[in-house]
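A.B. asks: Give me the fold of what follows.
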Amino acid sequence: MAVLDTAKKVHLIGIGGIGISALARLLLERGYDVSGTNDSESKETLDEVRAKGVNISLDLEPQKLPSADLYVYSDAWLTNHPEVVEEARSRGVPTRSFYEVLGEIANKSKCLIAVAGAHGKTTTTAMFIDVLEAAGLNPTGWVGSLRAKTKSNFRAGGDEYFIGEADEYRRHFLNYSPKILVITNIEADHLDYYKDLADLQSAFRELAQKVPKDGFIVYDSSQPSVLPVIEGVVATVVDYKKYFDPNLPLKVLPLHKINAAAVLAVANILKIDAATAKKALAEFAGTWRRFEYKGETARGAVVYDDYAHHPTEIVTTLKSVREQFPDKKIIVIFHPHLYSRTKAFMNEFAAAFGDADEVLIAPIFAAREEPDPMVTSEVLAEKVAQNGKKARTLSSLDAATDYIKNGPTKGDLVITMGAGDIYKSAEQAVVTKSV
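C.D. replies: From the prediction side, this is the model:
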């Protein structure tokens, strides 16, 4: 029996996370009594949940965990606060991961559209929501960021269409049984879990094989790493490169035209009028932390923030930024994410900043890992310099804030970049802020 069938009161452990806070909204829409525990304030995610009446505790003492019929935990808490998850498990009621419960809800929809891939999941998912919304299909959807249009990571809709990101880490996306699977790309990543690219491809292949005969797999034929994944599947395979429109006007960076192509391919599958879909894409305002304009400093530098934390993402983003701002001096403040990722892709990171004029490296964001003394921001900065770029380190995120305030001037474009908290440095340094 599905755990949600018997639960009334659900407690979310790590409710401030970008995914699990969306699940809170989803459960509230389904009529559940929701509460949560978090280890810090998170205005971007918690304000909206609190506004819905959810009681949130910042008390991490395990014994003070509220009673519930079901506990749902964020993966990060298995490492950061395992004692809280263990307390939940010891109480004799179901305890599940965010991905297990999300999959249980999503799989009940008539058409689950899952967006998987190494890069581009968030933007593509948000675009999907906008297009289906414009077509009057009333989708339910969650995004691993905040849609600029609504400042929210969740859209409450009907039961027919569910749109969601499909996270490959630890094979989490296998909790989904999609009717339409979009694979943006596949590239070696999460090598703290996967052995190599082939191991990662095996997970994608298992997901692709779950798509039924009357379903669709939408992929990019120019991505050779995807081809072994879709070989012999029973679903109809659609190449979204055929829907690429180089003249499609976008408010966001030109690089997102490839994401729009995937959306147009699915729009065609769903028989959405192409003009309606293209109009919605042309009006798409982007998402939080995807080349998001943060404002201007007192010295006149313009500041953006971007979530890029993999070498390919950095290369692609900077190439598009250089294309859009050819006359700007581009300064990147990079916050490496994970010791394991930095170590595995050290040479690739070192070569990824070719379109930047200057690179500053903040201390590595450890997240779920213990520090590795052999992998440091100093080592990375030295390697970036060896690739012909002006590069140096910053001692802290406070130092990053001070630098943005007092260094760059009018004509400079600063990008804070990475999956950690570097965006806060951008926000604290600007005086003319985004609206």
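A.B. asks: What is the neighbour count of Ala285?
C.D. replies: Ala285 has 12 neighbours, counted by other Cβ atoms under 10 Å. No exception for glycine: its C-beta is placed from N, CA and C like everyone else's.
A.B. asks: How about Tyr339?
C.D. replies: When neighbours are defined as other Cβ under 10 Å, Tyr339 has 21 of them.
A.B. asks: residues contacting the residue nearest to it when sequence neighbours are not counted?
C.D. replies: Of all residues not flanking Tyr339 in the chain, Asp372 sits nearest, at 4.1 Å (Cβ to Cβ, 6 or more residues apart in numbering). By Cβ atoms under 8 Å, 6 or more residues apart in numbering, the residues touching Asp372 are Tyr339, Ser340, Lys343.
A.B. asks: what helix or strand is the residue of the chain most remote from its centre on?
C.D. replies: In terms of distance from the mean C-alpha position of the chain, Gly92 ranks first, at 33.1 Å (Cα atoms, centre = their mean). Under the assignment given by DSSP states H and E, Gly92 is not contained in any helix or strand.
A.B. asks: Roughly how far does it sit from Ala350?
C.D. replies: According to Cβ to Cβ, to the nearest Å, Gly92 stands 51 Å off from Ala350.
A.B. asks: Where do the domain boundaries of the protein fall?
C.D. replies: 3-97, 107-282, 292-433 (automatic domain parsing).
A.B. asks: can you give me the mean pLDDT across the shortest one?
C.D. replies: Along domain 3-97, the predicted local confidence has a mean pLDDT of 94.
A.B. asks: list the helices and strands the longest strand that the chain contains packs on?
C.D. replies: If you go by DSSP state E, the chain has its longest strand at strand 140-147. When contacts are defined as 3 or more Cβ pairs under 8 Å, 6 or more residues apart in numbering; DSSP states H and E, strand 140-147 packs onto helix 18-29, helix 121-134, strand 152-155, strand 161-166.
A.B. asks: Now that strand: buried residues?
C.D. replies: Thr140, Gly141, Trp142, Val143, Gly144, Ser145, Leu146, Arg147 (16 or more other Cβ atoms under 10 Å).
A.B. asks: ok, so of those, who is nearest Met417?
C.D. replies: For those, the residue nearest Met417 by Cβ to Cβ is Ser145; the value is 14.7 Å.
A.B. asks: what residues are up against the residue lying closest to the closest one once chain neighbours are set aside?
C.D. replies: Sequence neighbours aside, Thr287 is the residue nearest to Ser145 in space, at 4.1 Å (criterion: Cβ to Cβ, 6+ apart). Contact partners of Thr287, counting by Cβ under 8 Å, 6+ apart, are Thr122, Thr123, Ala126, Val143, Ser145, Leu146, Arg147, Ala148.
A.B. asks: switch the cut-off to 6 Å
C.D. replies: By Cβ atoms under 6 Å, 6 or more residues apart in numbering, the contact list for Thr287 reads Thr122, Ala126, Ser145, Arg147.
A.B. asks: same thing with Val84?
C.D. replies: With Cβ under 6 Å, 6+ apart, Val84 has these contacts: Ile13, Pro62.
A.B. asks: Quick one, grab the pLDDT at Tyr370.
C.D. replies: Quick fix: residue 370 reads Glu, not Tyr. Reading off the model, Glu370 has pLDDT 85.
A.B. asks: Lys271 versus the residue positioned nearest the centre of the chain, what's the distance?
C.D. replies: Nearest to the mean C-alpha position of the chain, by Cα atoms, centre = their mean, lies Gly144 at 4.2 Å. Separation of Gly144 from Lys271 (Cβ to Cβ): 28 Å.
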